[in-house]
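*Asks:* mind folding the following:
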Amino acid sequence: MTLDIKSTIVNSLQSALADELSAEQIMNLLEVPKTSKLGDYAFPTFILAKSRHQAPQKIAAELVEQIDKAPYEQIVATGAYVNFFLDKGEFAEATLQEVISAGDHYGDDNIGQQGNVPIDMSSPNIAKPMSMGHLRSTVIGNSLANILAKIGYKPIKINYLGDWGTQFGKLIVGYHKWGSEEEIKADPIGNLLKYYVQFHEAAEEDPELNDEGRAWFKKLEDGDPEATHLWEWFRGLSLAEFQKIYDRLGITFDSYNGEAYYNDKMDPVVDELTEKGLLEMSQGAQIVDLTVENLTPALIKRTDGATLYITRDLAAAIDRYNQFHFVKSLYVVGSEQTEHFKQLKAVLKKMGDDWADEIVHVPFGLITKDGKKLSTRKGNVVLLDKVLDEAVGLAKEQISAKNPDLANADQVADQVGVGAVVFHDLKNDRMDSFDFSLGEVVRFEGETGPYVQYSNARAQSILRKAQRGVDLNGQLTLADPAAWDTLKTLADFPATILRAAREYEPSVIAKYALRLAKTFNKYYANSKILVEDDELNARLALVQATSQVLTQALSLLGVQAPTEM
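*Replies:* Down below sits the predicted model:
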């Protein structure tokens with residue numbers, strides 16, 4: 001809807017500007033004024049001052065005289081801006097008709113043409129609990145999958161488990177020194193974490209422990225029966241614990257192929273690197289020199305012959321391309337791995353795999369607690385299941401205070417508490433780091449998930465009280481000025497989805513949901529909705545459209561939308 005309106009404005013301006021600016025340039029220059037009193041869209045004329053040798057104010061006044069005013073309520077020059085006021089009645093009818101008719105498909109697009117997009121996301125390490133540190137990759141990846149599916153791509157969610165590597169050697173050493181089968185059976189993840197932390201504390205005093213850890217990992221790589229048995233046991237226990245959290249978050253995966261899956265797929269990669277003359281020896285290790293690419297060397301094999309992350313990621317990238325023939329391949333991994341993914345793409349390009357251009361690292365900032373980075377190794381970890389439990393508890397308290405007779409209070413508290421944690425993560429620009437404070441997250445007021453959910457529940461309550469449906473053949477024009485910002489925001493949803501997809505940025509959707517909730521609540525506060533008059537049908541249509549779009553926006557974020565709170 002908004003894209004069509006903006007296109008109309010672009011065409012109007014182009015007819016007056018002859019060949020001075022392209023349609024794309026005009027589109028990018030269009031602004032939304034801070035207040036509707038200044039118009040609905042504004043075109044700044046500063047860019048034309050130099051070529052026309054005129055003051056911007058004079059150019060704006062001339063353009064107003066030259067533009068066809070038929071599609072608009074009015075066009076005025078305000079200083080250096082050409083301000084466009086849309087035809088409110090026509091806009092309201094067209095917007096409400098489109099939103100309600102399309103239902104859940106409002107904002108759908110087929111830009112992706114069912115192209116495959118593997119998304120490497122979540123990827124917790126086996127034998128360690130899922131902490132708040134794992135939340136970002138999990139919920140950003142899930143939301144991107146929802147957004148891309150909405151515009152016609154076929155996302156493939158891959159949980160690239162950290163189920164291989166030196167940490168398993170260290171864990172085996174820790175288990176042998178301090179652990180027992182009974183302890184692990186009593187509290188699998190808690191005790192495995194304890195052994196892991198103990199190992200690192202002890203290794204600071206006795207660095208030779210690290211050599212023991214590396215030796216046990218080499219045994220695991222070589223198929224040692226005891227090492228393999230312990231690895232399989234730890235992996236199975238961990239997956240069962242992870243699944244409980246994924247179920248709470250409502251997140252599913254298409255693949256759990258972790259690092260171990262690529263054990264037999266790395267030799268062909270190393271062989272190809274050798275055949276193409278890309279491998280070099282450096283201090284006993286095998287590397288790919290990336291000097292020309294202004295990158296540090298990619299370490300393919302250590303001096304003891306053990307493989308590294310990049311060896312495995314090369315095998316994984318090639319395997320995913322061969323399997324899915326992807327149009328994009330996303331890696332939702334923290335920003336500290338930026339150099340790694342540059343190396344990965346550079347090595348693939350050297351191997352002649354031009355599809356590496358379609359690999360996209362989607363980085364994100366850190367969650368801190370009391371200003372400190374979360375670290376499993378140092379035992380500074382905030383367990384995700386505990387955070388979700390506390391969030392649900394806080395939600396339950398507030399629901400009990402606001403609506404003590406709510407029939408399904410426990411279910412709603414779960415939707416609100418879990419949704420609050422997810423929404424709080426996703427409302428932040430993904431590159432921003434933030435300090436997590438549960439009290440700020442689970443509030444029904446302010447820029448929170450519960451605020452958006454409550455706004456939707458309020459809309460649903462109005463529709464229930466109305467005891468009548470919306471008649472799409474009835475009057476849908478709405479003259480009430482208080483409805484205007486909500487109508488414009490509703491129309492902006494398809495463009496918002498496209499922007500979120502283009503920027504790989506779920507916060508665009510979260511911020512949109514907050515904006516729509518705010519405009520709707522302002523409308524609700526200033527207008528009597530359930531009044532029997534000629535505009536009742538249009539007002540109910542606005543309420544229904546708002547609920548539909550809020551529900552959709554929350555769904556794209558992976559957050560549920562209860563109809564009562």
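
*Asks:* Gly439 versus the residue nearest the centre of the chain, what's the distance?
*Replies:* When the chain is reduced to its mean C-alpha position, the nearest residue by CA atoms, centre = their mean turns out to be Ile140, at 3.1 Å. Applying CB to CB, to the nearest Å, the value for Ile140 to Gly439 is 23 Å. Placement of C-beta: from N, CA and C, glycine included.

*Asks:* circling back: quick check: which element contains the residue nearest to the centre of the chain?
*Replies:* Using DSSP states H and E, Ile140 sits within helix 132-150.

*Asks:* cool, Asp247 as well?
*Replies:* Asp247 is part of helix 225-249, with elements assigned from DSSP H and E.

*Asks:* which parts of that helix are buried?
*Replies:* 227, 230-231, 234-235, 237-239, 241-242, 245-246, 248-249 (16 or more other CB atoms under 10 Å).

*Asks:* between these, which sits nearest Ile100?
*Replies:* Closest approach between the buried residues of helix 225-249 and Ile100, by CB to CB: Leu249, at 30.4 Å.

*Asks:* so the closest one is in contact with Gly417, correct?
*Replies:* No. The pair Leu249 / Gly417 is not scored as a contact, 11.5 Å apart, by CB atoms under 8 Å.

*Asks:* just the strands in the stretch 351-500 of the chain please.
*Replies:* For the stretch 351-500 of the chain, the strands defined by DSSP state E, counting those that start in this stretch occupy 359-362, 367-369, 372-373, 434-435.

*Asks:* roughly how far does Tyr41 sit from Pro188?
*Replies:* Taking CB to CB, one finds Tyr41 at 58 Å from Pro188.

*Asks:* right, I mislabeled it, should have said Tyr106
*Replies:* 45 Å.

*Asks:* with Val508 instead?
*Replies:* Taking CB to CB as the measure, Val508 falls 39 Å from Pro188.

*Asks:* what's the least confident helix or strand in this structure, going by average pLDDT?
*Replies:* Using mean pLDDT, DSSP states H and E, strand 372-373 stands out as the lowest-scoring helix or strand of the chain, at a mean of 68.

*Asks:* what sits against Arg41?
*Replies:* One correction, residue 41 is Tyr, not Arg. Ile5, Lys6, Ile9, Leu30, Glu31, Val32, Pro33, Asn83, Phe84, Leu86 (CB atoms under 8 Å, 6 or more residues apart in numbering).

*Asks:* in helices only, show me those residues.
*Replies:* Using DSSP state H, Ile5, Lys6, Ile9 are the members of those that sit in helices.

*Asks:* returning to what we had before: who's in contact with the residue nearest to the centre of the chain?
*Replies:* By CB under 8 Å, 6+ apart, the contact set of Ile140 is Met121, Val332, Val362, Phe364, Asp425, Leu426, Arg430, Pro506.

*Asks:* could you give the bridge partners of the third one?
*Replies:* Beta bridges link Val362 to Val332 when assigned by DSSP bridges.

*Asks:* residues near it, how many?
*Replies:* Val362 has 22 neighbours, counted by other CB atoms under 10 Å.

*Asks:* doesn't Lys328 make contact with it?
*Replies:* No. Contact criterion CB under 8 Å: Val362 and Lys328 do not qualify, at 10.3 Å.

*Asks:* sec struct for Ile300, please.
*Replies:* Put simply, Ile300 is strand when judged by DSSP: H, G, I helix; E, B strand; the rest coil.

*Asks:* residue contacts, it?
*Replies:* Val270, Leu273, Leu279, Ala285, Gln286, Ile287, Val288, Thr307, Leu308, Ile310, Thr311 are the contacts of Ile300 under CB under 8 Å, 6+ apart.

*Asks:* kindly recompute the last result at 10 Å.
*Replies:* Ile300 makes contact with 266, 269-270, 273-274, 278-280, 285-288, 307-308, 310-311, 314, 347, according to CB atoms under 10 Å, 6 or more residues apart in numbering.

*Asks:* repeat that for Tyr321.
*Replies:* Tyr321 neighbours (CB under 10 Å, 6+ apart): Asn116, Pro118, Ser329, Leu348, Asp353, Trp355, Ala356, Glu358, Ile359.

*Asks:* buried sites along the helix or strand hosting it?
*Replies:* Per DSSP H and E: Tyr321 is located in helix 309-324. Buried residues in helix 309-324, counted by 16+ other CB under 10 Å: 309-318, 320-321, 324.

*Asks:* which parts of the stretch 1-150 of the chain are strands?
*Replies:* Read by DSSP E, counting those that start in this stretch, the stretch 1-150 of the chain holds these strands, from start to end of the chain: 41-44, 72-78, 81-86, 116-121.

*Asks:* same question, the stretch 151-300 of the chain
*Replies:* Going by DSSP E, counting those that start in this stretch, the stretch 151-300 of the chain shows strands at 154-159, 279-282, 285-288, 298-301.

*Asks:* average pLDDT across the second one?
*Replies:* Averaged across strand 279-282, pLDDT comes to 94.

*Asks:* just the last one next, same as before
*Replies:* Per-region confidence: strand 298-301 scores 94 on mean pLDDT.

*Asks:* now do the buried residues in that strand.
*Replies:* Residues Ala298, Leu299, Ile300, Lys301 are the ones in strand 298-301 that count as buried (16+ other CB under 10 Å).

*Asks:* and stretch 280-297, by the same measure?
*Replies:* Buried positions in stretch 280-297, judged by neighbour count with 16+ other CB under 10 Å: Ala285, Gln286, Ile287, Val288, Leu290, Glu293, Leu295.

*Asks:* widest-spaced pair of the residues you listed?
*Replies:* Among the buried residues of stretch 280-297, the pair separated by the greatest distance (CB to CB) is Ala285 and Glu293, at 18.9 Å.

*Asks:* list the contacts for the nearest residue to Ile111 once chain neighbours are set aside?
*Replies:* Among residues not flanking Ile111 along the chain, Ile151 sits closest, at 4.9 Å (CB to CB, 6 or more residues apart in numbering). Neighbour list for Ile151: 107-113, 494, 497-498, 500-502 [criterion: CB under 10 Å, 6+ apart].

*Asks:* and Ile151, how close does it get to Leu498?
*Replies:* To Leu498, Ile151 is 7 Å away according to CB to CB.

*Asks:* pull up the overlap in contacts between the two.
*Replies:* Taking CB under 10 Å, 6+ apart as the criterion, Ile151 and Leu498 both touch Gly107, Asp109, Ile111.

*Asks:* let me know the closest of these to Leu388.
*Replies:* For these, the residue nearest Leu388 by CB to CB is Gly107; the value is 29.2 Å.

*Asks:* quick check: closest non-adjacent residue to that closest one.
*Replies:* Closest residue in space to Gly107, ignoring its immediate chain neighbours: Pro494 at 4.3 Å, by CB to CB, 6+ apart.

*Asks:* might one say that that neighbour is in contact with Asp109?
*Replies:* Yes. Between Pro494 and Asp109 there is a contact under CB atoms under 10 Å: 7.2 Å.

*Asks:* please say which of those two ends up with more neighbours.
*Replies:* Comparing Pro494 with Asp109 by neighbour count (other CB under 10 Å), the higher total belongs to Pro494, at 21 against 13.
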